[in-house]
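Asker: Predicted model and sequence below, questions to follow.
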Amino acid sequence: MPDSHDEVRALARARWRIAIVLTVIMIAVYFGFIALIAFDKPLLATRIAPGLTLGILLGVLVIVVSWLLTWVYVRWANAHYDARLEALRR
Amino acid sequence: MILIALLQAPTAGSTRLGEPNPIAMGFFFAFIAVTLGITYWAARRTRTTEEFYAAGRTVSAGQNGFALAGDYMSAASFLGIAGLVSTTGFDGLIYSTGWLVGWPVVLFLIAEPLRNLGRYTFADVVAARLRQTPVRIAAALGTLATVLLYLIAQMVGAGGLIRLMFGIPYEQAVIVVGVAMLAYVLFGGMIATTWVQIVKAGLLLGGALLLAVMVLWRFEMNPAALFAAAAERYGDAVLAPGRLVSNPLDAISLGMALMFGTAGLPHILMRFYTVPDARAARKSVFYATGLIGFFYLMTFVLGFGAMVLVGPETIRGVDPGGNMAAPLLAEMLGGTPLLGFIAAVAFATILAVVAGLTLSGAAALSHDLWVNVVRHAHADAKEQLRVARVATILLGVGAILLGITFKGQNVAFMVSLAFAIAASANFPALVLSIFWRRCTTAGAVASMVIGTIVTLALIWFSPTIQVDVLGRSDAWFPLKNPALITIPLSFAVGIAVSLLSAERARDDTAILDRQMLLGSHPARE
């Protein structure tokens, strides 16, 4: 199917771009958290509410961000990517 | 020990941990009975290699989400994180997050191309564009190194855990785990293994949720009230980063091993072949990420619950590593019945993880080495299945023997070592072969072989072995986990060798590009 090969490559590139952007965000968020633990412990010890430090809040947020990023990707893929795959199949 | 516990923490009362516990035994035998029943049912559906390795590709996205979570949530993370939190507070959160953040990476980079390009092992994908024999041998090296280290850690942990919880001698405990796991994999293949993971994931999530709700019930269902109680009793330091991360480079290196190692674990990657297509693979990671994140949040609550309700002194008194925090908390909250339930859940957890590991190791031995290297893909279906079962027996017996050999050794480091090898030997080659068309056979092989060997060597010269295991005062290599060096090294070697080596362009590039997006089968819809 040489005529559709350009389309295959274009779609592969589109997915690759999204995958890279989301991966880089995940890496930045997690290693940002680790870097704060490594370099600024007093900041993370700051109380923001009774019984809650900034460190605990950010740790929980890392988990929430992981959920959100997977959700963003799955939504994009189910809505846009799959439709274009379907078009390629035909 | 029990006496010390009694003296130090009158609120916790005396623990029945370590005594033969009929309720734990009852739950445990019920689990064995149910899972062997599943195995019997699965064995009648396991006639082809596709069924043995990949459950006939009939597992739904939701089922695979639970099975992925089941394969991943080991007793080390359940008992270990709860223990770490109960004795140090905040620092356990570093592991809770580290063990989760690899999952989005699996979803974005690996899951779909893996499902579309491969059949049974991740080596299928690396070898898809390259020469079969060298790639398969190198990939099997990385797979077996990861699987064996992980297996040793699980078997030794299982033996110790069962002795501590049920009072069964260590060797017997290791043999019980080995034989039960062998029965699941040998007769039921991937179908039985998948359902064992699903049952185990349900039990573990249910047990952890039950404990977390019982803890929070005492604090008006408000985690912050629990944390405040911990800070009031043990000082504000428990809510802030402590001594676990003293060297920043160590923290980053461990984080890299956890994040990228997840995407290179052979028993996790193998699960993506059990679903019908890439869309189901994608959805299953989404479910797994939700379940695993939820689980690690609960272990954090359980750790603080154990700190406040049981007390760090009592926990260290029973096990200096703190691993019995969650069982002790269960006993405190619900007496011997709940202790028995949680102990049986922890046991089931180990059993399921070991089964998944053994199946992926057997696939590397039989599918990669025997069928594709020794027989050049000319083995008939009957021979393939027979070899897969022989490989399973070899690995199962090997796991039992290794478990007994390493009795009493400090093997906790082996889990993070397994992640380091997965991250440096498997992950770079997988990413390069999927996303970079100029990757050559020599490049992929060099990346996998050097990744494995350098990781093993640096671990040997690291403080983890030299100081913690051998008792020397100093180590030649400063980092506890080598991932910071070995992951970039492995990528660099793969890229450099690919650029220096020429490989004749294949004439089926367009077909493979198409297969990576669309899969090898036409759409089912």
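Answerer: Perfect, I can see it now.

Asker: helices and strands around the longest helix anywhere in chain A, which ones?
Answerer: Looking across chain A with DSSP state H, the single longest helix is helix A:5-39. In terms of contacts (3 or more C-beta pairs under 8 Å, 6 or more residues apart in numbering or on different chains; DSSP states H and E), helix A:5-39 is packed against helix A:41-44, helix A:54-76, helix A:82-89, helix B:92-98, helix B:102-105, helix B:248-262, helix B:509-518. Any C-beta I mention is one placed from the backbone N, CA and C, and that applies to glycine too.

Asker: Between the ones you listed, which one is closest to B:Ile162.
Answerer: helix B:92-98 (23.2 Å; C-beta to C-beta).

Asker: just checking, what packs against that closest one?
Answerer: Other elements packing on helix B:92-98 under the criterion 3+ C-beta pairs under 8 Å, 6+ apart are helix A:5-39, helix A:54-76, helix B:75-88, helix B:248-262, helix B:278-309.

Asker: Serialize these to JSON lines and add fields for mean pLDDT, distance to B:Val449 and mean neighbour count.
Answerer: Output for the helices and strands packed on helix B:92-98, formatted as JSON lines (pLDDT from 0 to 100; distance: least, C-beta to C-beta, whole Å; neighbours: other C-beta atoms under 10 Å in any protein chain shown):
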{"stretch": "helix A:5-39", "mean pLDDT": "91", "distance to B:Val449": "26", "mean neighbour count": "16"}
{"stretch": "helix A:54-76", "mean pLDDT": "96", "distance to B:Val449": "32", "mean neighbour count": "19"}
{"stretch": "helix B:75-88", "mean pLDDT": "86", "distance to B:Val449": "28", "mean neighbour count": "26"}
{"stretch": "helix B:248-262", "mean pLDDT": "90", "distance to B:Val449": "18", "mean neighbour count": "24"}
{"stretch": "helix B:278-309", "mean pLDDT": "95", "distance to B:Val449": "28", "mean neighbour count": "25"}
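
Asker: Looking at the ones you listed, which is nearest to A:Asp82?
Answerer: helix B:278-309 (6.3 Å).

Asker: Low-confidence ranges, the stretch 351-500 of chain B, go.
Answerer: B:410, B:412 (pLDDT under 70).

Asker: what's B:Met165 in contact with, if anything?
Answerer: B:Leu17, B:Gly18, B:Asn21, B:Ala24, B:Pro327, B:Ala343, B:Ala346, B:Phe347 (C-beta atoms under 8 Å, 6 or more residues apart in numbering or on different chains).

Asker: Whichever helix or strand it is part of - what's its average pLDDT?
Answerer: Per DSSP states H and E: B:Met165 is located in helix B:132-166. Averaging pLDDT along helix B:132-166 yields 87.

Asker: Show me which residues of the stretch 51-200 of chain B are close to chain A?
Answerer: B:90, B:93-94, B:96-98, B:100-101, B:103-105, B:107-109 (C-beta under 8 Å from any C-beta of the partner chain).

Asker: let's see 10 Å
Answerer: B:89-94, B:96-98, B:100-110, B:112-113 (C-beta under 10 Å from any C-beta of the partner chain).

Asker: picking that back up, nearest to B:Asn222, out of the helices and strands packed on helix B:92-98?
Answerer: That would be helix B:278-309 among those, by C-beta to C-beta, at 10.9 Å.

Asker: for the closest one, the distance to its chain's centre please.
Answerer: Counting by C-alpha atoms, centre = their mean, to the nearest Å, helix B:278-309 is centred 14 Å from the centre of its parent chain.

Asker: what's the next secondary structure element after that helix?
Answerer: Helix B:278-309 is succeeded, C-terminally, by helix B:312-318 (DSSP H and E).

Asker: Output that next one as PDB - backbone C-alpha positions only.
Answerer: Provided in PDB are the C-alpha atoms of helix B:312-318 (Å, rounded to 0.1, in the frame of the first residue of the first chain):
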ATOM      1  CA  PRO B 312       7.200   2.600  65.400                       C
ATOM      2  CA  GLU B 313       8.900   1.000  68.400                       C
ATOM      3  CA  THR B 314       6.500  -1.900  68.400                       C
ATOM      4  CA  ILE B 315       6.800  -2.300  64.600                       C
ATOM      5  CA  ARG B 316      10.600  -2.300  64.800                       C
ATOM      6  CA  GLY B 317      10.400  -4.700  67.700                       C
ATOM      7  CA  VAL B 318       8.700  -7.300  65.600                       C
END
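
Asker: which helices and strands sit right next to that helix?
Answerer: Here helix B:312-318 touches helix B:2-8, helix B:75-88, helix B:223-234, helix B:278-309, helix B:325-363, going by 3 or more C-beta pairs under 10 Å, 6 or more residues apart in numbering or on different chains; DSSP states H and E.

Asker: out of everything not next to it in sequence, what's closest to B:Leu458?
Answerer: Nearest non-adjacent residue to B:Leu458, counting by C-beta to C-beta, 6 or more residues apart in numbering or on different chains: B:Pro482, 3.7 Å away.

Asker: how close does the residue nearest the centre of chain B get to chain A?
Answerer: Centroid-nearest residue in chain B: B:Tyr72, 4.4 Å away (criterion: C-alpha atoms, centre = their mean). Remark: distance between B:Tyr72 and chain A (C-beta to the nearest C-beta, to the nearest Å) = 14 Å.
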